[in-house]
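A.B. asks: I'd like to go over a predicted model; first the sequence, then the structure.
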Amino acid sequence: MRAHRPWSHDIRTLDDLGVDVQCPEAAIVELAAREGALHGLVPADVAIRHEDVWFERVLASWGKRHGIAQARLVAELADGRRESPLETQTAWQAHGEGIRLEPQTVIRDRAGEWVATVDFTVAGYKVVVEVDGLGKYRRPDDLKKERVRHNQIEELGWLVVRVIADDLRFGRFVPRLHAAMARAERR
C-alpha cells in the first residue's frame, strides 16, 4: 500500500502527545476504498468489537469518491462478533457466494441446555462452520474436548464444516460449504 496523507477533516491531534491521528472509521473507509473490501473488513470487525465506531459520518463525507462502494460494503458487513481475521475471511468468502453466516451461534440440546457456542451457523440450514486457527489446541486435552464438542453438535443433527487458512487460500472452503448445505436439514 502506498503511503498517503489522509484528508485533513479526518485528522485529530492528540493533545497530550501532539500526534496527528486519523479516526478509526476514516482509516478503515480509506483502506477499503483503496485496497478492497476484505482489507477494510478485518480491521472493521476488530474496531466494532473494541470501540464505539460509526461509519455513517465518514461515508457521508466521502461523497462519490473512488472506492465508496467497497467502503459502504465494509460498513454493511462489519460484525464485531467475529473473533479473528480468519473468521472474517471465512464470512467474506461465504458472502461472495450469497451465503449468510451467523457468528457466535449458541447450540442447545433438545432440553434447551447449552452445548456449544460455535463460530458460525449457515442461515437457514443446520450447518455449523468452525474456524480452526493455529493456537486453538494448546493444552494436551484441548483436541479431546474439541472432538467431544464436535460429536455432541453432530448428534443434534448439525453438519460441521471445519475451516483452516489453507481451505480459504486454496478454494476448498466454498465447495465443502455448498456440499454440506445440499446434505443438511433446513431450519
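C.D. replies: Yes, it's here. Numbers count the residues shown, from 1 in each chain.
A.B. asks: Tell me which stretches of this structure form helices.
C.D. replies: With DSSP state H as the criterion, the chain has helices at 24-35, 37-50, 56-62, 68-77, 85-96, 142-155, 165-169, 173-183.
A.B. asks: Among these, which comes closest to Val131?
C.D. replies: The closest approach between Val131 and any of the helices of the chain, judged by Cβ to Cβ, belongs to helix 85-96 at 5.0 Å. For every residue, glycine as well, the C-beta is placed using N, CA and C.
A.B. asks: before we move on, the earlier item: which one of the helices of the chain lies closest to Asp109?
C.D. replies: Closest among the helices of the chain, once you apply Cβ to Cβ, is helix 142-155, at 7.8 Å.
A.B. asks: Next, work out how far apart Thr121 and Arg176 are.
C.D. replies: Counting by Cβ to Cβ, to the nearest Å, the separation of Thr121 from Arg176 is 15 Å.
A.B. asks: on that earlier part again, please tabulate the helices of the chain in a markdown table and include mean neighbour count, distance to Asp109 and mean pLDDT as additional columns.
C.D. replies: Formatted as a markdown table, the entries for those read as follows, by neighbours: other Cβ atoms under 10 Å; distance: least, Cβ to Cβ, whole Å; pLDDT from 0 to 100:
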| stretch | mean neighbour count | distance to Asp109 | mean pLDDT |
| --- | --- | --- | --- |
| helix 24-35 | 22 | 39 | 84 |
| helix 37-50 | 21 | 29 | 87 |
| helix 56-62 | 14 | 41 | 73 |
| helix 68-77 | 18 | 32 | 85 |
| helix 85-96 | 20 | 25 | 95 |
| helix 142-155 | 13 | 8 | 90 |
| helix 165-169 | 15 | 29 | 95 |
| helix 173-183 | 16 | 21 | 97 |
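A.B. asks: May I see the ones you listed arranged in TSV, with distance to Leu134 as well?
C.D. replies: Listed next are these as TSV, based on distance: least, Cβ to Cβ, whole Å:
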stretch	distance to Leu134
helix 24-35	25
helix 37-50	17
helix 56-62	34
helix 68-77	25
helix 85-96	9
helix 142-155	12
helix 165-169	8
helix 173-183	17
